[in-house]
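# here you go, sequence then predicted model.
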Amino acid sequence: MWKQIRAFIADTFAIGHSEAKGVLALIILIILFLLSPLIYKVVRPTRTQDTSASDQRKLDSLLAKMQLDGAADDKARYGDKGKPYGNQRPDDERQTSERFQEIKPFPFDPNTVSVAGWQQLGLPRWMAERIDKYRSKGGKFRRKEDLLKIYDFPADTYETLEPYIKLPDNAPNAAYGATGTARSDNAAPAGTSPLPNPASARERYVKPVIQPFDINTADTTQLIALKGIGSKLAARIVQYRDGLGGFLSADQFTEIYGLDSINLAELTLYAKVQSPVRKTPINTASAADLDRLPYLSRRQAEVIVNYRNQHGAYASPESLKSLRVLNARTIEQLTPYLSF
């Protein structure tokens, strides 16, 4: 039978008898390798783990000790009735008290008040640290309303704190007279400090209405006023616009990295394309000038310049089709931004 199999292999693969022996041996080894797990399960003896009585007692003793230790920890932490003991509080309770501080307003200058002071005024720690970071980078509050430019600063908190904001260059607040005393409708007892009226503050404060603006001439201040757009995103939008030469339509906002649906909705609503784009002269621009366009890489810009130097000026966008590094989509995107 082996000779017949060997002859079959030799005829099938058109090889000699010696090579057929090797192929046959390799096939047998492969079959054994595939069957080895099944053979091992059949041959392997079944072993049962024997746990002696002494080992079982040790395990029971260890389990009982762990249960006693856990009960002792719970008692030390919560007391006998399951309530927090002493000054120890559950993590979730500590986090809740840290997140929601009782508001204790006092007259303050937003340019100098500390992180702890902001927390005493009712702001969460993360918001206080955000304001402190803004000031450390050179940010300054010149008007009371500048606080609302801080991303996610709560408007209701601003309404409460607005009467207490004291800026050195500001005129006396409407709630006070020129001498710093309260008006007659909110008079305080003699010898006491006048207290501002939060209700009148809410009546006086009107949230500024955002007006549509030209995205091709806007600065970062106008962009930061939009919901969800901070200083970093505003700078990224301006940088992309300047490299591009201006936006042709609101559809190009989706090309900016990091914008979510809320940012795009705000930009589409308020950022209008009202001024023309700036065009780059392709026949005189350097590779660095072309590389500023977001649609081109550094290598593509260099190829465009080298081809121009070898074959002469480009006459029209159709001339760019001779460059293999540019596809039809890229040429279509570049055309409005190039002058020939």
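Structure's in. What do you need?
# centroid-nearest residue for the chain?
What sits nearest the mean C-alpha location of the chain, by C-alpha atoms, centre = their mean, is residue 258, with 7.4 Å.
# how about that residue, what does it touch?
Residue 258 makes contact with 233, 236 under the criterion C-beta atoms under 8 Å, 6 or more residues apart in numbering. (Glycine included, C-beta is placed from N, CA and C.)
# do the same with residue 137
Going by C-beta under 8 Å, 6+ apart, the list of residues near residue 137 is empty.
# look up how far residue 131 lies from it.
Distance from residue 137 to residue 131, counting by C-beta to C-beta, to the nearest Å: 11 Å.
# same deal with residue 144?
Residue 144 is 14 Å from residue 131, by C-beta to C-beta.
# over to residue 328?
In terms of C-beta to C-beta, residue 328 sits 50 Å off from residue 131.
# neighbour count winner among those two?
Per other C-beta atoms under 10 Å, whichever of residue 328 and residue 131 has more neighbours is residue 131, with 20 against 9.
# in a helix, the more buried one, correct?
Yes: under DSSP: H, G, I helix; E, B strand; the rest coil, residue 131 falls within a helix.
# that one touches residue 149, doesn't it?
No: counting by C-beta atoms under 8 Å, residue 131 stays clear of residue 149, with 10.6 Å between them.
# and residue 218, what does it touch?
238, 271.
# now do residue 2
With contact set as C-beta under 8 Å, 6+ apart, residue 2 has these partners: residue 24.
# how far away is it from residue 17?
12 Å.
# need the residues touching each of the two.
Joint contacts of residue 2 and residue 17 (C-beta under 8 Å, 6+ apart) do not exist.
# okay, now the domains of the chain?
2-37, 115-181+192-204, 213-272, 280-339 (automatic domain parsing).
# can you lay out these as TSV showing distance to residue 59?
Output for these, formatted as TSV (distance: least, C-beta to C-beta, whole Å):
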stretch	distance to residue 59
domain 2-37	34
domain 115-181+192-204	47
domain 213-272	55
domain 280-339	66
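# looking at those, which is closest to residue 107?
For residue 107, the closest of the domains of the chain is domain 115-181+192-204, at 5.0 Å, according to C-beta to C-beta.
# if I read this right, residue 243 contacts residue 290, doesn't it?
No: Residue 243 lies out of contact with residue 290 (C-beta under 8 Å); the separation is 10.9 Å.
# more neighbours: those two, which one.
Taking neighbours as other C-beta under 10 Å, residue 243 and residue 290 compare with residue 290 leading, 23 against 12.
# residue contacts, the more buried one?
280, 282, 296, 300-301, 304-305.
# and the lowest mean pLDDT element among the helices and strands of this structure?
Ranked by mean pLDDT, DSSP states H and E, the weakest helix or strand in the chain is helix 91-99, scoring a mean of 44.
# what's the helix or strand following that one packed up against?
Counting by DSSP states H and E, the next helix or strand C-terminal to helix 91-99 is helix 115-120. Under the contact definition 3 or more C-beta pairs under 8 Å, 6 or more residues apart in numbering; DSSP states H and E, helix 115-120 sits against helix 125-136.
# list the helices and strands the helix it packs on packs on?
helix 115-120.
# now with 10 Å, please.
Using 3 or more C-beta pairs under 10 Å, 6 or more residues apart in numbering; DSSP states H and E, the elements in contact with helix 125-136 are helix 91-99, helix 115-120.
# in the helix or strand following that helix, what's buried?
Remark: after helix 125-136, the chain's next helix or strand is helix 155-161, criterion DSSP H and E. Going by neighbour count (16 or more other C-beta atoms under 10 Å), the buried part of helix 155-161 is 158-161.
# show me what contacts residue 255?
Residues near residue 255 by C-beta atoms under 10 Å, 6 or more residues apart in numbering: 240, 244, 247, 294-295, 333.
# ok, so of those residues, who is nearest residue 213?
residue 247 (12.5 Å).
# that older thread, return every residue with contacts to both of residue 131 and residue 149.
Common neighbours of residue 131 and residue 149 (C-beta under 10 Å, 6+ apart) are 139, 141.
# all strands of the stretch 201-340 of the chain, in order?
Counting by DSSP state E, counting those that start in this stretch, one finds strands in the stretch 201-340 of the chain at the ranges 213-214, 271-272, 280-281, 338-339.
# chain center to the third one, what's the gap?
In terms of C-alpha atoms, centre = their mean, to the nearest Å, the centre of strand 280-281 is set 35 Å apart from its chain centre.
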